[in-house]
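**Student:** how would this look folded up:
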Amino acid sequence: MTRYNHSSLCLTTVKTLVIARLISLVILLSACSPEQAETPQNKNQLPPEQVQTQLFNDNWLYLEKALTDVKAVAAEPEWQTVQLPHTWNATDTVDAAPGYRRSASWYKKQFTGAQQLRQLLYFEGANMETEVYLNGELAGKNVGGYIGFTIDLTPHLKRGQLNELLVRVSNAYNPNLIPSQKADFFIHGGIIRDVWLKTLPDTFIERLAINTPIVSHEAAQTFVDVQLNQLAKQLPAGAANELQLRAKLLSPQGDVLQEKLVPVNGDNTAAKIIFDELAQPELWSVDTPNLYAINVQLLDKSGAVQHELSDRFGYRWFEMRPHQGFFVNGERMLIRGTHRHEESAGVGAALPNEMHRRDMQMIKDMGANFVRLAHYPQDPEVYRAADELGLILWDELPWCRGGKGGEVWEQNTESYLTRQIAQNYNHPSIAFWSLGNEMYWEEDFPGGGDDQVVANYIKKLNALVKQQDTSRLTTLRKFYPAATIVDAFSPSIWAGWYGGAYGQYEEAITMAMKDYPAFLHMEYGGSSHVGRHSENPIGIKGIEGAQVSVEEAMNQAVVANPAKNSDWNENYIVNLFDWHLHISESTPNFSGNAQWAFKDFATPLRPENPLPYMNQKGLVDRNGKPKDAYYVFASYWSKKPFCYIESKSWTHREGPKEGRPVKAFCNTNSAELFLNGKSLGAKERKPAEFPAGGLVWQVPFIAGVNELRVTGRSDQVQVEDTLNVTYLIGHHGPFATLKLSSTAIDKQRVLIEAEAVDVNGNRVLDFSERAYFSTLDENGQLLENQGTPTGSSIIEMANGYAAIEFKPGQHASTVEVRTQNVKGVYLTIIP
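**Tutor:** Down below sits the predicted model:
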């Protein structure tokens, strides 16, 4: 049994002219934690210029041309103003045209150079290859996206004068970079994350690495490795005796617990600070994410503060006990997880921090305690949120498909892994370093997908991780020849989607627990098309003739399964998740699992999906709006009382006069359902009962509009949910036509709704043709290319319904909808 004892989280208290926030200080040749940043110094100790870190996102210019001559670029007149983060693939990934722009673009910005201090530019991430020019001269390069890097501007700086930055970024095809272009997600080009301008003294603290080699409930050790920048080596002989470090250990409440004063080592570049053993530490966990702090000051021979860094950190340890599950701080923790891709509607991968934080907060509110970051390191805000909210992270090297490459590929991959670990080393939330996903699929190099070739290289990467960090678990998914190389392993189990039936899930994980001592299950679920429902979804035994194995086949064209042979209705996915949770919550010694994926995301590999180019396996849509499945998970995991009637997108139903069953997903002790004000009875929720914990009622709908209301009760708490359902006794007639209507959303937008109806005006629930929305003039704008249920001009109709948001102009505008068999229906919008 191995214990993994390390954690820390970094705190920024930089005093700048902008709102302070946590940032990265990763030097290109010596990476450091993205959270480490300068802290304010006493004004009488500062040099004439302010040592500071400034958010550098405003007033950039953008040129969408793949030029290579920097002089020609500087002379270009066709620049447009942009705000960072920025990507040129914000919408073209999900428009009607095949492919997306994979090329280079330029960014330009001017600023006044410091009079005396050094200035460095820190990028939180730019995809995929970056060149930075200052005043026409190359200042530095970076290879690899989704990771932070720093460029020293000082050698090319015009002191006290206007300086011009030019940044060339490219996401052009390059098989020597990971992830592979064959991965199941778009690689958005651009400066996709925040940029910071750092103004620093010649000698400064470059990195703090906080280690907690021994942690228990009774005591904890704290070591801090302090790294100064390389220029410190150029100090005169004997200068080591003139530099000191003052370090403080602070409690989660901000009280100073210990203080140390240590000299800098003889080469002027490093020091190790050992604090006294701390008694009874307040441990970090998913329920109590306690964060201590360390403050380190660099002092000159007079004792004046030259530079200062502060980090938060937490004491905790992780274990995978053979055949017993996952443990945090010595206690078994069932992993209740999901996955997150870093992109969203309308912005692609260029999310502002508020959107990163919203995703993580929604995941926590759902009751999850674990997030697999798929399939690359993500924005620093994501790690901050996980550390502060209490979410365990699986941080993944972006070796996703493509197999193993040659020498250049190896150099890039190993450099990437080293930098990724150094950058994220101090986050207490990270428990797992993943070495990749499906790496042997779709090789980019002849022979690069060979089992032995890939396994040998994974062994090398695993050793590289252990050289840098012995405190965490290494892991990977789906590559079976390397299952015993890493500390924890996830096979492929897609019961009820890519293979088999969801009723096979218990058998599948029971077998995996026997086969893999440190087994945890990453990726399960399936796609759902919002608004598509069925009174008779596929059942627990699956579909006849489906692939028996629950493993995902590489070639989906030759197998039968619900992914290919069903209509992706929401009811089936709700039942699939309900069953999986029913099993995972009750299986002894199971480490846990993570659903794929939290949010719908765009992919180049799925152009014919109901929402073209969208992976629709999310619990929320691409804009963050919850689907039905979100509430299934919350009913098992969330601590905040709620009830949800299935479903807000199932507002038209039909059937016999005896009515139809209705489910409510609640986490309360009991629930009572009302139809048109009349109680249909109260039921006790039984978590072990499938489906919906037994909260299912036979509802005798009347013809027309029905009002449903559910009331959930736990102790003194009462919650409720309502839903209106239009019910047809019998069955609708054949499709007759499409009906267009509009409803105001707000003062700027209206919702254009297309409804398939029969001759009597009843909704034709089995109409699922692809709808094509367009405008016939330039007086208004369809809010399209969003990859959402109401933000796509091409979309399969769901239960005879489709909609798109529209922004009217100053004059009347006409909107058209077509399908393969409907040659045009028109609606004029009058502002």
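**Student:** which residues pair with residue 151 across the strands?
**Tutor:** residue 121 (DSSP bridges).
**Student:** Just list the residues touching it, thanks.
**Tutor:** Shown in contact with residue 151 (Cβ atoms under 8 Å, 6 or more residues apart in numbering): 28, 120, 121, 123, 132, 139, 140, 142. Placement of C-beta: from N, CA and C, glycine included.
**Student:** Mind telling me what element residue 605 is part of?
**Tutor:** Here residue 605, judged by DSSP states H and E, is contained in no helix and no strand.
**Student:** Tell me where the model's unsure across the stretch 201-350 of the chain.
**Tutor:** 232-241, 266-268 (pLDDT under 70).
**Student:** what are the ranges of the strands in it?
**Tutor:** 205-211, 219-220, 223-228, 244-250, 256-263, 270-274, 278-279, 292-299, 305-313, 317-321, 325-328, 331-332, 335-340 (DSSP state E, counting those that start in this stretch).
**Student:** Please save the CA atoms from the longest one in CSV.
**Tutor:** Coordinates of the C-alpha atoms in strand 305-313 are reproduced here as CSV (Å, rounded to 0.1, in the frame of the first residue of the first chain):
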residue,chain,number,x,y,z
VAL,A,305,12.3,43.1,0.5
GLN,A,306,13.2,42.7,-3.1
HIS,A,307,10.5,40.3,-4.1
GLU,A,308,7.7,38.3,-2.5
LEU,A,309,5.5,35.3,-3.3
SER,A,310,2.6,33.8,-1.4
ASP,A,311,0.9,30.4,-1.9
ARG,A,312,-2.0,28.6,-0.3
PHE,A,313,-1.7,24.9,0.2
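**Student:** Run the chain-centre distance for that strand.
**Tutor:** 29 Å (Cα atoms, centre = their mean, to the nearest Å).
**Student:** Please name every helix or strand in contact with it.
**Tutor:** Strand 305-313 is packed against strand 205-211, strand 292-299, with contacts defined by 3 or more Cβ pairs under 8 Å, 6 or more residues apart in numbering; DSSP states H and E.
**Student:** ok, back up a step: which among the strands of the stretch 201-350 of the chain is found nearest to residue 65?
**Tutor:** strand 335-340 (33.1 Å; Cβ to Cβ).
**Student:** Show me what that closest one is packed against.
**Tutor:** So strand 335-340, by 3+ Cβ pairs under 8 Å, 6+ apart, packs with helix 353-365, strand 370-373, strand 592-595, helix 628-637.
**Student:** go again using 10 Å as the cut-off
**Tutor:** strand 325-328, helix 353-365, strand 370-373, strand 392-396, strand 521-522, helix 570-584, strand 592-595, helix 628-637 (3 or more Cβ pairs under 10 Å, 6 or more residues apart in numbering; DSSP states H and E).
**Student:** Would you format the ones you listed as JSON lines with distance to residue 245 included?
**Tutor:** Formatted as JSON lines, the helices and strands packed on strand 335-340 follow (distance: least, Cβ to Cβ, whole Å):
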{"stretch": "strand 325-328", "distance to residue 245": "32"}
{"stretch": "helix 353-365", "distance to residue 245": "31"}
{"stretch": "strand 370-373", "distance to residue 245": "33"}
{"stretch": "strand 392-396", "distance to residue 245": "29"}
{"stretch": "strand 521-522", "distance to residue 245": "41"}
{"stretch": "helix 570-584", "distance to residue 245": "48"}
{"stretch": "strand 592-595", "distance to residue 245": "41"}
{"stretch": "helix 628-637", "distance to residue 245": "44"}
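**Student:** Mind putting these into CSV with mean neighbour count and distance to residue 420?
**Tutor:** Conversion of the helices and strands packed on strand 335-340 to CSV gives the following (neighbours: other Cβ atoms under 10 Å; distance: least, Cβ to Cβ, whole Å):
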stretch, mean neighbour count, distance to residue 420
strand 325-328, 21, 22
helix 353-365, 19, 18
strand 370-373, 27, 11
strand 392-396, 26, 7
strand 521-522, 28, 18
helix 570-584, 23, 29
strand 592-595, 25, 20
helix 628-637, 24, 29
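**Student:** Out of the ones you listed, which gets nearest to residue 54?
**Tutor:** Of all these, helix 353-365 comes closest under Cβ to Cβ, at 15.8 Å.
**Student:** what about the strands in the stretch 651-800 of the chain?
**Tutor:** 652-655, 660-666, 670-675, 678-684, 696-699, 704-714, 717-729, 737-744, 750-757, 770-775, 780-782, 794-796.
**Student:** actually the stretch 401-550 of the chain, sorry about that
**Tutor:** Using DSSP E, counting those that start in this stretch, strands in the stretch 401-550 of the chain cover 430-437, 473-477, 488-490, 521-522.
**Student:** Out of the contacts of residue 151, which is nearest to residue 680?
**Tutor:** Using Cβ to Cβ, the contacts of residue 151 come closest to residue 680 at residue 123, 58.4 Å.
**Student:** quick revisit: out of the helices and strands packed on strand 335-340, which comes closest to residue 97?
**Tutor:** helix 353-365 (25.8 Å).
**Student:** Just want the angle from that closest one to strand 335-340.
**Tutor:** Interaxial angle of helix 353-365 relative to strand 335-340 (axes from the mean of the first three to the mean of the last three Cα atoms, to 10 degrees): 150 degrees.
**Student:** Tell me which of the strands of the stretch 651-800 of the chain lies nearest to residue 573.
**Tutor:** strand 660-666 (12.9 Å).
**Student:** Okay, buried residues for the closest one please.
**Tutor:** 660, 662, 663, 664, 665, 666 (16 or more other Cβ atoms under 10 Å).
**Student:** Output these in CSV; the columns should cover distance to residue 70.
**Tutor:** Converted to CSV, those look like this (distance: Cβ to Cβ, whole Å):
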residue, distance to residue 70
660, 67
662, 65
663, 62
664, 63
665, 58
666, 62
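**Student:** Can you flag which of the contacts of residue 151 belong to strands?
**Tutor:** Counting by DSSP state E, the contacts of residue 151 place 120, 121, 123, 132, 139, 140, 142 in strands.
**Student:** do you know how far the most centrally placed residue in the chain is from residue 374?
**Tutor:** The residue lying closest to the centre of the chain (Cα atoms, centre = their mean) is residue 340, at 3.1 Å. Residue 340 sits 6 Å away from residue 374, taking Cβ to Cβ, to the nearest Å as the criterion.
**Student:** hey, what's in contact with both of those two?
**Tutor:** 594, 597, 598, 601 (Cβ atoms under 10 Å, 6 or more residues apart in numbering).
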